[in-house]
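Trainee: next input, structure requested:
(one chain, ligands or ions: 2)
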Amino acid sequence: MSVLVMKFGGTSVATLDRIHRAAKRVAVEVAKGHEVIVIVSAMAGKTNELVGWVNETSPMYDAREYDAVTSSGENVTAGLMALRLQEMDVPARSWQGWQVPVQTTSAHGAARILDIPPENIRAKFAEGMKVAVIAGFQGVSPEGRITTLGRGGSDTTAVAFAAAFEAERCDIYTDVDGIYTTDPRICEKARKLDRIAFEEMLELASLGAKVLQTRSVELAMRYKVKLRVLSSFEEQSDEAGTLVCDEEEIMESNVVAGVAYSRDEAKMTLISVADRPGIASAIFGALADAGVNVDMIVQNISEEGRTDMTFSCPNDQVMRAEKAVEAARERGDIRFNDLVTDTGVAKVSVVGIGMRSHTGVAADMFKALSAEGVNIKVITTSEIKISVLIDRKYMELAVQALHDAFGLDKAA
Ligand code: ASP
Ligand code: MG
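Mentor: Ligands and ions are numbered 1, 2, ... in the order given. Predicted coordinates for the structure are as follows:
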């Protein structure tokens, strides 16, 4: 019998009524002959509330207890979902992560799944159970402590179960009806995609499109799990939503699949650092040790043995970054004349696997930005992505201009 994984996000289980609606969708799939593994998030807002309670109680909290507290939201929805299914005469039971067990690393708050032995759940299916309801976002460490997978981690739970059970598909039910060419809130011409390639989704997710946890897309790509993102608020159909799949399964696509943005970036430049071996290592080593997520890096040409080094990082890490480089200067590891920080920048990126075979995408992107008078401060590229840093006040304008320039309002 084929297994289907259905994941319901926080807004899809936000109330008892919504849990009821989600359960009805599950029952439809059971009636079609599927064995279903349901992954649930906590009710919308619950995890934030729990995180708040932890911080209020203990600002320098013990990460193991953070996980003990924040994993609890999913336990509630898993039990309620199983109860609701039972009320509908669908044989179902709930599992917390440790009961399966979802074995993870001991990196509390950001654990990775190591293994999901399928035997326990398979045995229950063999006895006639139709739905296994799993509390998402959580697992158990080798030390036997409860772990969580990082915010948004239920997506990763869902994909990992789909891989472990060789599921036919992994449906992610959420509050949007699919993956869009860009954020419809800032570009009204944004269009829902029927299909998107794993690589593109991975870039979009890591660039700030928040629909799927990045890690879940990585896993889906590695294990070739067919992922479908769809709304739990709209009519169900087999064609609904967006399928995230292998690029071979996409017949025609635009060169650029989507435009992503991230609003709260900062740009920092170390003026006049010595241009010698080991200097980049000293600067970025210090930043890494301080836990700063450095994104773009640009080293300028050097003059008389000195150069400027520019990098970007999330805005809320600027203080930490400044402290780290000042401390490295005091230790004598690096020397520079000045540190210039610009906290008013945003990153805008275009993503598409078509860039591998099409030239001129960068030129088209820069032309579209210049036509709007938007100045580019930093540029980085990868095989399927071009990102620029610009003044934050032009971010919406830039996204709209690029969406137009690459014709994203129309399908290929
Ligand atoms: N409840 C967790 C969170 O809000 C995990 C999830 O919903 O994916 O981050
Ligand atoms: Mg989510």
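
Trainee: what residues sit buried inside the host helix or strand of Ser262?
Mentor: Secondary structure from DSSP states H and E places Ser262 in strand 258-274. For strand 258-274, a neighbour-count test (16 or more other CB atoms under 10 Å) marks 258-262, 265-270, 272-273 as buried. C-beta: built from backbone N, CA, C; applies to glycine.

Trainee: do stretch 123-131 as well
Mentor: Lys124, Phe125, Lys130, Val131.

Trainee: assign the nearest residue to Gln317 once chain neighbours are set aside to helix, strand or coil.
Mentor: Of all residues not flanking Gln317 in the chain, Val292 sits nearest, at 5.0 Å (CB to CB, 6 or more residues apart in numbering). Classification of Val292 using DSSP: H, G, I helix; E, B strand; the rest coil returns coil.

Trainee: thought Val292 was touching Lys323?
Mentor: No - using CB atoms under 8 Å, Val292 makes no contact with Lys323, being 9.6 Å away.

Trainee: quick one, which of the two is more surrounded?
Mentor: Val292 (23 against 13; other CB atoms under 10 Å).

Trainee: local confidence estimate at that one?
Mentor: Val292 is assigned 94 on the pLDDT scale.

Trainee: contacts only, for it.
Mentor: Contacts for Val292 (CB atoms under 8 Å, 6 or more residues apart in numbering) come out as Cys313, Gln317, Arg320, Ala321, Ala324.

Trainee: next, the contact list for whatever residue of the chain ends up closest to ligand 2, please.
Mentor: Using CB to the ion, the closest approach of the chain to ligand 2 is made by Gly152 at 4.2 Å. By CB under 8 Å, 6+ apart, Gly152 lies in contact with Lys210, Leu212, Gln213, Ser216.

Trainee: again, only using 6 Å
Mentor: Gln213 (CB atoms under 6 Å, 6 or more residues apart in numbering).

Trainee: make 10 the first number, not 1, from now on.
Mentor: In the new count, where the first residue is 10, that last one comes out as Gly161.

Trainee: how far away is it from Asp98?
Mentor: According to CB to CB, to the nearest Å, Gly161 stands 33 Å off from Asp98.

Trainee: what does the chain put close to ligand 2?
Mentor: Residues of the chain that fall close to ligand 2, judged by CB under 5 Å from the ion: Gly18, Gly161.

Trainee: who in the chain is up against ligand 1?
Mentor: 18-19, 50-51, 56, 82, 145-146, 160-164 (CB under 6 Å from any ligand atom).

Trainee: go again with 8 Å.
Mentor: Proximity of the chain to ligand 1, by CB under 8 Å from any ligand atom, involves residues 18-19, 50-51, 55-57, 79, 82-83, 145-146, 157-164, 166, 222.

Trainee: if anything else comes up later, I'll come back, but that's it for now.
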